[in-house]
Structure formats: C-alpha cells, structure tokens
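K.L.:
what would the 3D arrangement of this be:
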Amino acid sequence: FAALKDATTTCESSQRLSVTISVTDSATPTLVTAGTQNFCLVDAPTFGSVQFNEANIVWYTALTGGTSIPSTTALTSGTYFAAIKDATTT
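P.N.:
Reported below is the predicted structural model:
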C-alpha cells in the first residue's frame with residue numbers, strides 16, 4: 001500500500017492506495033544458428049543482422065549496466081551482450 005506524506009507537516013494521508021507490482025525476468029535470447037554467425041563486411045551488417053529465435057532484442061556493451069547499442073549500429077568484432085525486452089512491460 002502507498003500513502004502520501006506531506007513534506008511540510010509530515011502528516012500521512014489516511015487513505016492508502018493498493019499497488020500491485022510484478023517484477024519479471026525475460027528468458028535468455030537464443031541464436032537461430034547456435035554458435036558463431038559470420039558476416040561479410042561488404043554486406044554492411046548491423047546488430048540487427050544477428051538472427052535470434054526471439055524478438056525485441058536489446059544490445060549492451062556490458063553484462064550488467066553498460067550502454068545500450070542501437071540495432072542499426074554497424075557490427076564490429078568484439079563481445080557484446082543481448083537481452084530480450086519484454087514488450088508487455090515498460
């Protein structure tokens with residue numbers, strides 16, 4: 001339950017609002033072709049070129065935290081981290 005506390009008087013509201021919260025963890029993304037996917041530089045591949053079995057893939061520069069990478073960013077050799085963004089939550 002949540003209540004409103006007045007910053008000046010420090011009084012708390014007598015009515016409380018019921019709040020339901022759901023914290024979920026989406027599954028781990030899986031590649032269409034397990035292992036390594038190879039791309040030709042001449043084809044100008046992007047992060048969106050990597051094929052997954054799932055939709056709504058979000059790329060990051062680190063396993064936790066890090067910077068998100070737009071799917072239109074050109075692929076370069078390296079290690080990156082993919083996650084599934086649950087389209088039903090914000």
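K.L.:
burial count for K85?
P.N.:
13 (other CB atoms under 10 Å). Placement of C-beta: from N, CA and C, glycine included.
K.L.:
and the pLDDT at it?
P.N.:
Note on K85: pLDDT of 87.
K.L.:
same question for S77.
P.N.:
86.
K.L.:
for it, phi and psi?
P.N.:
phi -60, psi 140 (degrees, to the nearest 10).
K.L.:
pLDDT weak spots in the chain?
P.N.:
Applying pLDDT under 70 to the chain flags the ranges 1, 88-90.
K.L.:
what are the ranges of the strands in it?
P.N.:
Applying DSSP state E to the chain gives strands spanning 57-60, 68-69, 81-84.
K.L.:
adding distance to T8 and mean neighbour count, write those strands out as TSV.
P.N.:
Formatted as TSV, those follow (distance: least, CB to CB, whole Å; neighbours: other CB atoms under 10 Å):
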stretch	distance to T8	mean neighbour count
strand 57-60	42	16
strand 68-69	40	14
strand 81-84	43	16
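K.L.:
can you tell me which of those is nearest to I21?
P.N.:
Nearest to I21, of all the strands of the chain, is strand 81-84, at 20.4 Å by CB to CB.
K.L.:
tell me how far the residue lying closest to N56 once chain neighbours are set aside lies from Y60.
P.N.:
Using CB to CB, 6 or more residues apart in numbering and skipping the chain neighbours, the partner closest in space to N56 is K85 (4.5 Å). From K85 over to Y60 the distance is 11 Å, taken as CB to CB, to the nearest Å.
K.L.:
same list, the strands of the chain, but as TSV with distance to N38 please.
P.N.:
Converted to TSV, the strands of the chain look like this (distance: least, CB to CB, whole Å):
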stretch	distance to N38
strand 57-60	18
strand 68-69	19
strand 81-84	17
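K.L.:
any idea which of these gets closest to A44?
P.N.:
A44 lies closest to strand 68-69 among these, at 15.9 Å (CB to CB).
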